[in-house]
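Peer 1: Please find the sequence and the predicted model below.
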Amino acid sequence: MSVYQHPDFDQHQMVAFKQDRASGLQAIIAVHDNNLGTATGGCRMYPYANEAAALTDVLRLSRGMTYKSALAGLPLGGGKAVIIGDPARDKTRSLLLAMGDFVDSLNGKYVTAQDSGTDAGDLAVIAERTSHVSARAGNLGADPSISTALGVFEGIRAAVKFRFGTDLQGVGVALQGLGNVGYRLARLLRAAGAEVCGADVRQDNVDRAVAELGVVARPWREILSAGVEVLAPCALGGSICAESLDRISATVIAGAANNQLATPDMDATLCERGILYAPDYVINAGGIIDVHYRGRGMTGAVLRRRYVARIGARLSEIFSRSAATGKPTGEIADRMAEAIFRAPQESDRAA
Ligand code: NAD
């Protein structure tokens, strides 16, 4: 398997592989770009089918972090880590300590954070071996999904305003995934008067959303075809693909999941079909904004009001530029992000 020739390599600055025989750790850290600041991104643990799948995931996620942080206005570069393994079965203290050693061995070129398959407790163990953990002691318990959900809510509001010229009252929204973000998003949408239906492969998550928020439950295999205005993918990536597209009747796609489009060409396809797509890394930036500013001592309430709330305005600008040029929203967002993270920095000019 060639790393340099990998279709998702995209000029990564560094890809590091680790095998620790004693703990069984197999992990990859990818640093995509550090022009704006230290490469920062979560540490995901997932039972990848093979190392090729893990490599593809870490490359795509790390690149996405560069674009996400740039458009969110953060002084951070893009990086990501993946641990190959089942978090429910393979996660041990010695494995997490070995991961801490791996992060530390890069001498601060990559700063890690929580991601799917790792929690605040895991990050605390990793932090026993490295200081390169983005939310430090005292902040490790904060849950960034509250800010992620708020950013997605603001994004949906902006998209509905742009597409239909209305607020959210009576607008139908289908949530694919009612986990950390989906549940909180459903609460915000219901409070704004939206009609919310949702699905999850976990019945306990469905029951909670139905009982506490009045969400209408749908079978998870049918959620994409719900007759609603807005589809919000909040489960795993890749749900928008050529096969699923024909089942989608929503004319707005705006949700929390990373890498929602299974293939890059879906961006143009959605545009051609008149579906307004909120680029995933723009709308779901609330989590990294939260982690960054919390690490600087800001409270959740303040950082959400000052920074997360801006996500709606940023998306409105992307939608307007897309409408004016006929170019897909994802392409517009990419060019805007590249103009930011590829621009010469003060430190370059001084050199
Ligand atoms: P989560 O694991 O808490 O929730 C995801 C939910 O989706 C789970 O309840 C799971 O059972 C469900 N699910 C899985 N496959 C499904 C399917 N086929 N149909 C319906 N439901 C399904 O994760 P989360 O923290 O809520 O994150 C949701 C998404 O948002 C992920 O893609 C994550 O990468 C992304 N994201 C999260 C954050 C954050 O702050 N948590 C930040 C940025 C992006």
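Peer 2: Yep, it's here.

Peer 1: Going by C-alpha atoms from here, please, whenever you check contacts or count neighbours.
Peer 2: Fine.

Peer 1: Wait, a helix at Ser244?
Peer 2: Yes - per DSSP: H, G, I helix; E, B strand; the rest coil, Ser244 lies within a helix segment.

Peer 1: Can you tell me how far it is from Leu224?
Peer 2: 7 Å (CA to CA, to the nearest Å).

Peer 1: ok, now Thr325?
Peer 2: 29 Å.

Peer 1: Tell me which residue in the stretch 251-351 of the chain sits closest to the ligand.
Peer 2: Ala257 (3.4 Å; CA to the nearest ligand atom).

Peer 1: Does that residue touch Ala278 like I think?
Peer 2: No - counting by CA atoms under 8 Å, Ala257 stays clear of Ala278, with 11.3 Å between them.

Peer 1: what secondary structure does Arg187 sit in?
Peer 2: Secondary structure assignment for Arg187 (three-state DSSP): helix.

Peer 1: for Asn107, same thing?
Peer 2: Under three-state DSSP, Asn107 comes out as coil.

Peer 1: tally of neighbours for it?
Peer 2: Neighbour count of Asn107, defined by other CA atoms under 10 Å: 12.

Peer 1: between Thr325 and Leu224, who's got more neighbours?
Peer 2: More crowded of Thr325 and Leu224, by other CA under 10 Å: Leu224, with 27 against 9.

Peer 1: Not counting its neighbours along the chain, what's nearest that one?
Peer 2: Ile248 (5.5 Å; CA to CA, 6 or more residues apart in numbering).

Peer 1: Identify the residues contacting that neighbour.
Peer 2: Neighbouring residues of Ile248 by CA atoms under 8 Å, 6 or more residues apart in numbering: 224-226.

Peer 1: one step back: Leu178 versus the residue of the stretch 251-351 of the chain closest to the ligand, what's the distance?
Peer 2: Distance, Ala257 to Leu178, by CA to CA: 12 Å.

Peer 1: surely Ala337 meets Tyr67?
Peer 2: Yes - between Ala337 and Tyr67 a contact is recorded at 5.4 Å, counting by CA under 8 Å.

Peer 1: The two: which has the busier surroundings?
Peer 2: Tyr67 (25 against 21).

Peer 1: list the buried ones in the one helix or strand the more buried one maps to?
Peer 2: Using DSSP states H and E, the element containing Tyr67 is helix 51-71. For helix 51-71, a neighbour-count test (16 or more other CA atoms under 10 Å) marks 54-55, 57-71 as buried.

Peer 1: now swap in stretch 11-19 and tell me
Peer 2: Here stretch 11-19 shows 12, 15 as buried, counting by 16+ other CA under 10 Å.

Peer 1: try stretch 190-208
Peer 2: 190, 192, 194-200, 205-207.

Peer 1: which is the next helix or strand following the helix or strand harbouring Leu270?
Peer 2: Per DSSP H and E: Leu270 is located in helix 266-272. Going down the chain from helix 266-272, the next helix or strand is strand 276-277, by DSSP H and E.

Peer 1: Point out the other elements, helices or strands, that that next one touches.
Peer 2: When contacts are defined as 3 or more CA pairs under 8 Å, 6 or more residues apart in numbering; DSSP states H and E, strand 276-277 packs onto strand 252-253, helix 266-272, helix 329-341.

Peer 1: Mind putting the ones you listed into a markdown table with mean pLDDT and distance to the ligand?
Peer 2: Below are these laid out as a markdown table (pLDDT from 0 to 100; distance: least, CA to the nearest ligand atom, whole Å):
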| stretch | mean pLDDT | distance to the ligand |
| --- | --- | --- |
| strand 252-253 | 98 | 14 |
| helix 266-272 | 98 | 18 |
| helix 329-341 | 97 | 16 |
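
Peer 1: circling back to that earlier point, would you mind marking which of the buried residues of stretch 190-208 are also close to the ligand?
Peer 2: Residues shared between those and the neighbourhood of the ligand are 199-200 [CA under 6 Å from any ligand atom].

Peer 1: between the buried residues of stretch 190-208, which is nearest the ligand?
Peer 2: Using CA to the nearest ligand atom, Asp200 is the member of the buried residues of stretch 190-208 that lies nearest the ligand, at 3.4 Å.

Peer 1: Hmm, Gly177 and the closest one touching each other?
Peer 2: Yes - judged on CA under 8 Å, Asp200 makes contact with Gly177 at a distance of 4.8 Å.

Peer 1: burial of the spatially closest residue to Met14 that is not a sequence neighbour, as a residue count?
Peer 2: Closest residue in space to Met14, ignoring its immediate chain neighbours: Val31 at 5.1 Å, by CA to CA, 6+ apart. The number of residues packed near Val31 is 29, by other CA under 10 Å.
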